[in-house]
Every structure is written in structure tokens, then in C-alpha cells.
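Asks: Got a predicted structure plus its sequence, pasted below:
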Amino acid sequence: MTGWQQSYRRLYAGLAAALVVANPLLHKSVSDVADFVSARIGFPRYDVVMLVAIPVLSLMIVLPALARARETLARRRVALCIGALALMSAAAQHWLLVANIELVHLPQFALLAAVLSRAGLSAPGAFAMSTLAGIFDETYQHLVIYADTPGTYFDINDIVLNALGAAWGVLLAPVPTTHEADRSVARIFESLRHRVRWSIAAAGALALAWWWDPPVFTPLFRTSPAHPFYRVLSTVEGLVICGVLGALVLIASTRGSTSGRSLRAAAFATHTIPLMLALVVIGCAPRARVQLPQPVVAATQASSASSPFITTFWCGPPLPEFDDARAREIADAGFSIVGPPCEGPITPAGNRHALDVAATHGLKMWIADPRYNERARRQPEWEAALDAAVEEYRRHPAFGGYFVTDEPSFELFDDLRAIVSRLHAADPEHLAYINLNPDYVFGRTADTVYPTYVDRFVETVQPALLSFDYYPFLVDRDRPTFFRSLALIRDAALRKQIPFLLILLAMPHGPYRDPSEAEVSWQAFHGLAYGAGGISYFAYWTPVDVPYADVFKFHRGLIENGRPTAHYVEASRLNPQIRAIATQLIGAQHREVRDSRGEIAPSLPFGPVRAVEGGPATIGFFDDGRGGTLTLVVNRDYRQLSLLTVRPVSTGQRVEQFDSATDRWVRTRGTRFDVPAGGAILLRWHE
């Protein structure tokens, strides 16, 4: 090797070292810039821009290198490996990314791998060293940058993305002559004794990862409550994927001779075994220290609707439209119960077919049938007809309850009592669902009439679930009685020891504006803070052929003209997060709601919390039944993220934050929390 070549390699080695150091040190600054841009242009637009810009800019930068390496890339072995890598990249974008800005991992570590190749490392060596640098990057983030940020964890997904980028870098970079060090390693590796040692080391690393952080194979990836398409990889799965990527690198860099294959196999093993051990030791340890809480069993609930937490909607697909594709769409969005349709024919045969479809997708259905609706008692021999309807549905595995009526008036309460009583006597296992009016229906008399309306309904009808709708967001203002209504419904439900459900505004119609994702989240989390046992969206299937459609001009439901809208995607993100937090509250006793500023509820202190500073916050307090207190802190500002400081009453109290992305409780090191607009955090306090 000439002096010029040595200088050339030293230059690239220095550049590689600079990149290894710069990646973690500049991470927070780059993230802050990205957050600023996202806040300015809105996340949906920002996410699309990143999806297009990062691949396009990366491709433009590497085009000269691709032109120089076109002969190498044209080889069938290399082309097939690049094709496999492209498929893995597409899968990563679909399953491993919450936001498309994370695609930056690919060009970031492709650059490092390419520089390491130019510094003289073989393709397997450059891949392994780049991936090790990625592990170092993630470790620094976990232990230094985000050490005081609750809810963070050592991210195997990011390690895989780093390795994916490294594989791109070595496949697209010109492959240098194999380093002499790799040749000496090959000679050592060719002896049987050393091959056995390497095999034992690899098997031991995999076994340790399997024991310490076992993968979930049903499905293979662990679904994250944060996003319906996002997956949280275990250490074993990360090892397997990194191994596949390394194999692709090895195959692409093999030139066909026996000595070449053994040489590269030796180099690959030499570099990869330390990588595997590092990933196991660093990746598993932080996870092993986090203990999953045991679910609290619901204490006394009146119906099957109370557990698990209900996620449902108004206006399901018309029965003729309800097929496997529609059911899968509903399940993928995180709904547990299919609400009845608002339009189209409703027949027993159509209901039975819909139940069969729902059952194959693990869904329950609330079934509407004229034999037990609010007018059923006026029909001759209504009891026999109701009993026949019960026998038709109650044994079906997908049957969740009887949809009786919506927004009844005072005059219907006696009829509803008779219908609900008859349904309960014939089928005590399933609820009879009735939804109440909001207070603003009663106009100026709401202050006095609405409490009477709710109390009389509960006492007369004796429901198993108390449900009401309240749409707070008018085109020009917000309705002022949302929190008062929530408190009224909560108190009525607590008196009768039954769960309650809140119906959310999820689409524009009539006087109501088109709610943002943060506004929908705001409604849902405030329902949880007041102890709701379920949420429902209005509307799922945008109603068309319904009364007053020309007046209300319904549009932009979750599904419109048979196709998902942006609201469907938003609900798909929110539902798993809501369900994950609600699951932690099942069985906990709701104690109180407080307000950081004393505007919509009594002010703090209460329980373990002395104050919440940094913005308006609603705090729901729950006893977890084991001597601890759960607090759901909701950002009452649906326009912007708030940095909230939660000040405890006693400095000696231990506090943990629930991470809905991984379904884990994480010990916090501070009391400052970034809470998204309309979002919430769940904290658990111990003495």
C-alpha cells in the first residue's frame, strides 16, 4: 500500500470517527429543529414531506457513486440483495416508524458504512462497525439525552433501522480489496476449534436474548398501543433481522471463489459476534429492569360492557356493506364494538350475517332490531316478539348487546323501563344500550332540567351502562358546559355503580367544526379523567340517507364514500393509546377530578399532587386498590404541546409513568413532562 493510499484511508477513518461522535451529540438539536418545523406546518403535512424528501435527497446524493459502481450493481447476486433490501426497507417504513422523519436513520448510517468502506474495512466489517456505532448512538440517547424523560426506552427498532442503513451503504459503496487483517482472521476461523467457539458464542447470545427478552410470535411483532401499524421489536427479533441484513451483505460481497467465501464468512463472524453480544447486553438490560404490572380485575360491574374498555361508534356500515374487508377495517382501527348502522335496511337475517362476519375478526356488535326498540311496547304481543329476538341473538359469540334507542325524551322512560327489564330477565349477560341527550338540547332550562333528566332515567330505566353525547366544538366557539356534564354523568354512574360512556365529536356537521386530531384526543382523555368506561365516535360511516341530512350536511366521517378519511387514521392512532391507558384504570376507584388552575374543577393540591404548572391541566385521581394512586394528567390546551411540571406533595414519593407505546411502567427521574396538545400522561404514585 502506498503512502498516498494510507493517508487516504486515515482521512476516511477520521471522518468515520467524527460521524460516530456527531450522531449522538447532534441528535437533540436536529430533533428540536424537526419538532419546530412539524409544529409550524402541521404534523400530517410534515410527515408526507419527510416521506418524499428523505428518499429523494438521499438518491440524488448517491447517484454519482451508483454511476461509478454500475458494473458491480449489475451482478445478479448484488441486484437480488438490493431488491431484498428494498423490500425490507419498505416493511420497516410500514411497521417500524411512528413518523417518517425516522427514515433519516437510513442515509445517516449508510454514509457511515460507506466512509468505513473507503477507510479500508471489508463490506461485512463496515456493516458490523456501523451497526455497533448505531448501538452506541441509542445507548447515549437512552442514558444521557433522555435519561430524565419518562416513557423512553432502549429502542431496538432504531438499531434495526441503523443496520438497514449500514447495509445500504456497503452495498452501494465500491467494495475495496479485502484487508489483510481479515485474511489472518480467516486462517484462524478455518480451524475446527475456533469455528466451534464462534458457534457457541453466537448460540449463547441468541439464547440469552431469548430468555431475557422473549419474542412474541402471535403475531411475530408486538403491536404498540401508540399506533395500529407500529411494532415494538424484541431483542431476539432485532438480532434475527440484523443477522439477515448481515447475510445479505455477505452474499453481495462474495465474488464466487471458495477462498473468497471462507474469507468473508470469517470476517462476517468476527465482526458480527461482538455486535450480537453488544445488542444483547445493552438492549436487554434496560428492558429487564422494567416490570409489567398485573392487570387489576374489575371489582363490581353491571355488564359485560364494562370490561374491557369500550371503543365503539355511531353509524356503522350499512348491513349490506358489512363484509370481511369492512370488519377488518374496523378492527385495524382499534374498535372493540361495532355500532349499528344509521341507514339501510335492518333485518334479522342481515344482523345474523353481520354477527358471523364480526366473529371472524374478534369484534362484538350492538344489534338494532324493531322488536325491542323504543316503540316495541306499542306493538301487539311485543313480549313474545322481544323474547324471540333475544333467542335469535344472545348465544352468538359476536353479540355484544341490544341497541334500544338514542336520545329518548322523558315520556319514553316508562316504556324503556319495561323493555330493558324484559331484556334483562331474558338475557342478563348482555346490556340494553340507550344513549341520552346532552344538556344543551334543553336550552335555557338545562341547568335545572338536565340533572332531573339524568336522575329520572337512571332511577326509572335502571340501565347497565350510562351513555351520553356531547359535542363541544362549534364553528365559532366551544360549548361551555362540557365539564359540568361530565361531572354530572360521572356522579350518576358512581351512585349506581355502573360504567358510563362518552360519545365524541369526530366529524363536522351542522353547527360543529371539523375537529382536529388533538381535539378528538382532548375529548377522549377528559372522558377517561372523569372515569369513563368507554368512548364512541360520531360518526364512523358518514350518514347520507338519514333524516335532516340536507340540514346537517354530514361529511368527513371516519369512512366517507366507502373510503377511510384522515379521521380514520387519527382514530387508529388514538384508540390503542386510549385502550392501553384505560386498561391500567380498570378496577381502580375513581376519586376526584382537579384542575391546575381551578377553572373547571376544584384546584390542587389533592392526593400526592401539590401543583401542576406550565399550562392548564385536568387531573383525574384513582385508587389502584394496592395502596397506590393513579393520576391522569390531561393537557387542556388542544392547540399546542405543554411542558407540564407536576409537583408532588412529598419529595419522598416514588412516581412512575405509563408508556402506552410499550405497555410498561417506567420510573421517572424528574417531574417535567412534554404533554401533546389534547394529550395525557398517566402517573402512578407510591409511598
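Replies: Done, it's in.
Asks: C-alpha only now, for contacts and for neighbours.
Replies: OK.
Asks: burial measure for residue 395, as a count.
Replies: Using other Cα atoms under 10 Å, residue 395 is surrounded by 11 other residues.
Asks: do residue 659 as well
Replies: 22.
Asks: next one: residue 142
Replies: Around residue 142 there are 18 other residues, counting by other Cα under 10 Å.
Asks: If I follow the layout properly, it ends up in contact with residue 154?
Replies: Yes: at 5.9 Å, residue 142 counts as touching residue 154 under the criterion of Cα atoms under 8 Å.
Asks: where does the stretch 101-250 of the chain dip in pLDDT?
Replies: Applying pLDDT under 70 to the stretch 101-250 of the chain picks out residues 146-153, 174-232.
Asks: now the helices for it?
Replies: 105-118, 123-140, 156-172, 180-189, 192-212, 235-253 (DSSP state H, counting those that start in this stretch).
Asks: Now find how far off-centre the helix or strand hosting residue 448 is within its chain.
Replies: Assigned by DSSP states H and E, residue 448 belongs to helix 446-461. Between the centre of helix 446-461 and the centre of its chain there are 37 Å (Cα atoms, centre = their mean, to the nearest Å).
Asks: Flag every buried residue along it.
Replies: Neighbour-count burial for helix 446-461, with 16 or more other Cα atoms under 10 Å as criterion, is recorded at 446, 450, 451, 453, 454, 457, 458, 461.
Asks: per-residue confidence averaged over the very next helix or strand once past it?
Replies: Under the assignment DSSP H and E, the closest C-terminal helix or strand after helix 446-461 is strand 466-469. Confidence over strand 466-469, taken as the mean pLDDT, stands at 98.
Asks: now what about strand 466-469, what contacts it?
Replies: 434-438, 458, 489, 493, 498-504 (Cα atoms under 8 Å, 6 or more residues apart in numbering).
Asks: So of those residues, which two are at opposite extremes in space?
Replies: Maximum pairwise distance among the contacts of strand 466-469 (Cα to Cα): 21.4 Å, between 458 and 504.
Asks: Show me the domain layout of the chain.
Replies: 3-288, 304-587, 591-686 (automatic domain parsing).
Asks: Out of those, name the one with the poorest average pLDDT.
Replies: Among these, domain 3-288 scores lowest, at a mean of 70.
Asks: Quick check: residue 646 touching residue 674?
Replies: No: the pair residue 646 / residue 674 is not scored as a contact, 11.1 Å apart, by Cα under 8 Å.
Asks: Tell me which of those two has more neighbours.
Replies: Each of residue 646 and residue 674 has its neighbours counted (other Cα under 10 Å); residue 646 has more, 19 against 16.
Asks: Can you tell me the closest non-neighbouring residue to that one?
Replies: residue 612 (4.6 Å; Cα to Cα, 6 or more residues apart in numbering).
Asks: Against residue 632, how distant is the one you found?
Replies: Going from residue 612 to residue 632 by Cα to Cα, to the nearest Å gives 12 Å.
Asks: And residue 662, by the same measure?
Replies: Taken as Cα to Cα, the span from residue 662 to residue 632 is 18 Å.
Asks: Determine how far stretch 57-70 lies from the middle of the whole chain.
Replies: Distance, centroid of stretch 57-70 to centroid of chain: 36 Å (Cα atoms, centre = their mean).
Asks: Equivalent analysis for stretch 131-141, please.
Replies: 25 Å.
Asks: Let the chain start at 186 from now.
Replies: Sure, I'll start counting at 186 from here, so that last one is stretch 316-326.
Asks: could I get it in PDB with only the CA atoms?
Replies: Presented in PDB, the C-alpha positions along stretch 316-326 are these (Å, rounded to 0.1, in the frame of the first residue of the first chain):
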ATOM      1  CA  THR A 316     -24.300  -1.100  13.400                       C
ATOM      2  CA  LEU A 317     -22.200  -1.000  16.600                       C
ATOM      3  CA  ALA A 318     -22.000   2.700  16.200                       C
ATOM      4  CA  GLY A 319     -25.800   2.700  16.000                       C
ATOM      5  CA  ILE A 320     -26.000   0.800  19.200                       C
ATOM      6  CA  PHE A 321     -23.600   3.300  20.800                       C
ATOM      7  CA  ASP A 322     -25.900   6.100  19.500                       C
ATOM      8  CA  GLU A 323     -29.000   4.600  21.000                       C
ATOM      9  CA  THR A 324     -27.200   3.900  24.300                       C
ATOM     10  CA  TYR A 325     -26.100   7.500  24.600                       C
ATOM     11  CA  GLN A 326     -29.600   8.700  23.900                       C
END
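Asks: so who does residue 515 touch?
Replies: residue 523.
Asks: and it, which of the three is it?
Replies: helix (DSSP: H, G, I helix; E, B strand; the rest coil).
Asks: quick one: it from residue 226, how far?
Replies: Distance from residue 515 to residue 226, by Cα to Cα: 30 Å.
Asks: can you check residue 535 too?
Replies: Taken as Cα to Cα, the span from residue 535 to residue 226 is 46 Å.
Asks: now swap in residue 250 and tell me
Replies: For residue 250 relative to residue 226 (Cα to Cα), the value is 34 Å.
Asks: which stretches of the stretch 586-735 of the chain form helices?
Replies: Under DSSP H, counting those that start in this stretch, the stretch 586-735 of the chain gives helices at 598-611, 631-646, 667-681, 702-714, 734-737.
Asks: With respect to residue 318, which of the ones you listed lies nearest?
Replies: The nearest among the helices of the stretch 586-735 of the chain, by Cα to Cα, is helix 702-714 at 36.8 Å.
Asks: which residues sit against that closest one?
Replies: Under the contact criterion Cα under 8 Å, 6+ apart, helix 702-714 has outside partners 671, 687, 689-691, 720, 752, 755, 759, 763, 767, 778, 803-806, 817-821, 823-824, 861-865.
Asks: mind listing what residue 321 touches?
Replies: Neighbours of residue 321 in contact, by Cα under 8 Å, 6+ apart: none.
Asks: correction: residue 592
Replies: Counting by Cα under 8 Å, 6+ apart, residue 592 has contacts 619, 620, 621, 622.
Asks: Off-centre distance for stretch 624-633?
Replies: Worked out by Cα atoms, centre = their mean, stretch 624-633 lies 38 Å from the chain centre.
Asks: Kindly provide the distance from residue 848 to residue 767.
Replies: 11 Å.
Asks: How about residue 807?
Replies: From residue 807 to residue 767 the distance is 12 Å (Cα to Cα).
Asks: go on, residue 555?
Replies: To residue 767, residue 555 is 33 Å away according to Cα to Cα.
Asks: more neighbours, these two?
Replies: residue 767 (22 against 16).
Asks: from memory the more buried one sits against residue 494, does it?
Replies: Yes: when contacts are counted by Cα under 8 Å, residue 767 is listed as touching residue 494 (6.5 Å).
Asks: give me the number of residues near residue 518?
Replies: Per other Cα under 10 Å, the neighbour tally for residue 518 reads 22.
Asks: Same question for the one 4 residues further on.
Replies: Neighbour count for residue 522, taken as other Cα under 10 Å: 25.
Asks: Hmm, it is touching residue 547, no?
Replies: No: checked against Cα under 8 Å, the pair residue 522 and residue 547 is beyond contact range at 9.4 Å.
Asks: picking that back up, adding distance to residue 295, write the helices of the stretch 586-735 of the chain out as CSV.
Replies: Compiled in CSV, those are given as follows (distance: least, Cα to Cα, whole Å):
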stretch, distance to residue 295
helix 598-611, 64
helix 631-646, 63
helix 667-681, 52
helix 702-714, 35
helix 734-737, 53
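Asks: Looking at those, which is nearest to residue 316?
Replies: helix 702-714 (36.4 Å).
Asks: What angle do helix 667-681 and the closest one make with each other?
Replies: Counting by axes from the mean of the first three to the mean of the last three Cα atoms, to 10 degrees, helix 702-714 points 30 degrees away from the direction of helix 667-681.
Asks: chain center to helix 702-714: distance?
Replies: Centroid separation for helix 702-714 versus its chain: 15 Å, with Cα atoms, centre = their mean.
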